[in-house]
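Participant: next input, structure requested:
(one chain, ligands or ions: 1)
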Amino acid sequence: MKSFLNVQDLGDLDKALNEAALIREVRYMYDTLGKNKTLLMVFFNNNLRTRLSTQKAAMNLGMNVIVLDVNAGAWKLETERGVIMDGDKSEHLLEAIPVMGSYCDIIGIRSFAGLTDREYDYAETVYHQFEQYSGKPVFAMETATVHPLQAFADLITIKEAMMDDYFPISLKKPKVVLTWAPHPRALPQAVPNSFAQWMLEADRQGINMGIGQDKSGETYGIDFVITHPEGYELDPKFTQGARIEYDQRKAFEGADFIYAKNWSCPGVTHPEDYGKILHDYHTMMHWTVDAEHMSWTNNAHFMHCLPVRRGMIVTDDVIEAPTSLVIPEAANREISATVILKRILESL
Ligand code: CP
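Facilitator: Numbering: from 1, shown residues only. Modelled structure (predicted):
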């Protein structure tokens, strides 16, 4: 694997999930694969889980790790071509990238949506510049439009919960609902884009979410539904084939997993609204996932990628309930990153 941005880069999801399960059981079974290989992680914005889990994954594989926080001590980087650099940016990314590539074997990139220029963000300009000019394999640690390490960890977590809930035999195709929830600040669409892309691909591939099932039955894949207020439609590039239900209660009925996330306007139908919050959040608090919302479900598990604002996205009782999966999701970031780094190391 030379690049990891979309679910298609991983190929067969059943195989990837089995690899993840093996690594979870025998964490250090590939601990010499990365000997004398160096991972460079480049961060253009804040994070917590991403740095810790990806660094731990690299260490599981015996790699060396270098971290560059672009906003903490590095030269300010210009990212656009054709500009006269007479401002506060001292170095252009197009020189910085090959220099970074010369010090390492693999590069992880955490860029972020600017939320002002839809075309620029959705072209994944920064990620593709690293792909093109670093000379090294690259992978996304959340970019302007996707967060595949998170979505892979979420898929692993759903499968594990299915096996725990229904062991030894799962006879049910899980209903997974992605719900918009209010937030005081404009957030990117990377997490919901990737979550939708991965859930839909898991369904298309008919992956086995439980164990010991009959492949002829209706038990493979995922029944995936997205619910949000009108105007927040995600890019069809990620959601083609998803059921969209504007009535949050109807969407929640019979759900096995509720995945909450805020996102700003994706600007699909109205590009001029890209990155905006469409309504004062005070008027949208009925979308916050609370105990009443969860009572509409099939005793669903609550999921969120974290960090999460309590009282906005979800209430304390829901996130603290035994059915909440937010901590296992975060823990599985180490597993998803280990699988991806292993695949990349094997292709060097
Ligand atoms: N979920 C996630 O990527 O968390 P961080 O932003 O803290 O890394």
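
Participant: quick one: the strands in the stretch 101-250 of the chain?
Facilitator: Along the stretch 101-250 of the chain, the stretches classed as strands by DSSP state E, counting those that start in this stretch are 106-110, 138-140, 175-180, 223-227, 243-244.

Participant: now do the SS call for the spatially closest residue to E78 that is not a sequence neighbour.
Facilitator: Spatially, and ignoring its direct neighbours in sequence, E78 is nearest to K89 (4.1 Å; C-beta to C-beta, 6 or more residues apart in numbering). C-beta here means a position set from N, CA and C on the backbone, and glycine is covered the same way. In three-state terms, and counting by DSSP: H, G, I helix; E, B strand; the rest coil, K89 is coil.

Participant: just give the number of residues close to the residue nearest to H92 when sequence neighbours are not counted.
Facilitator: Nearest non-adjacent residue to H92, counting by C-beta to C-beta, 6+ apart: E78, 4.8 Å away. Residues contacting E78 under the criterion other C-beta atoms under 10 Å number 19.

Participant: likewise the one 10 residues further on?
Facilitator: When neighbours are counted by other C-beta under 10 Å, D88 registers 8.

Participant: list the contacts for the nearest residue to it once chain neighbours are set aside?
Facilitator: Leaving out its chain neighbours, the residue that sits closest to D88 by C-beta to C-beta, 6+ apart is K76, at 5.5 Å. For K76, the contacting residues are 88-91, by C-beta atoms under 8 Å, 6 or more residues apart in numbering.

Participant: for those, give me a markdown table that also has pLDDT and distance to the ligand.
Facilitator: Listed next are the contacts of K76 as a markdown table, based on pLDDT from 0 to 100; distance: C-beta to the nearest ligand atom, whole Å:
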| residue | pLDDT | distance to the ligand |
| --- | --- | --- |
| D88 | 94 | 26 |
| K89 | 94 | 24 |
| S90 | 94 | 27 |
| E91 | 95 | 25 |
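
Participant: and those as CSV, adding distance to K35?
Facilitator: Formatted as CSV, the contacts of K76 follow (distance: C-beta to C-beta, whole Å):
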residue, distance to K35
D88, 41
K89, 37
S90, 36
E91, 32
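
Participant: picking that back up, tabulate the strands of the stretch 101-250 of the chain (a markdown table), appending mean neighbour count and mean pLDDT.
Facilitator: What follows is the strands of the stretch 101-250 of the chain, written out as a markdown table (neighbours: other C-beta atoms under 10 Å; pLDDT from 0 to 100):
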| stretch | mean neighbour count | mean pLDDT |
| --- | --- | --- |
| strand 106-110 | 26 | 98 |
| strand 138-140 | 26 | 98 |
| strand 175-180 | 24 | 97 |
| strand 223-227 | 22 | 97 |
| strand 243-244 | 14 | 98 |
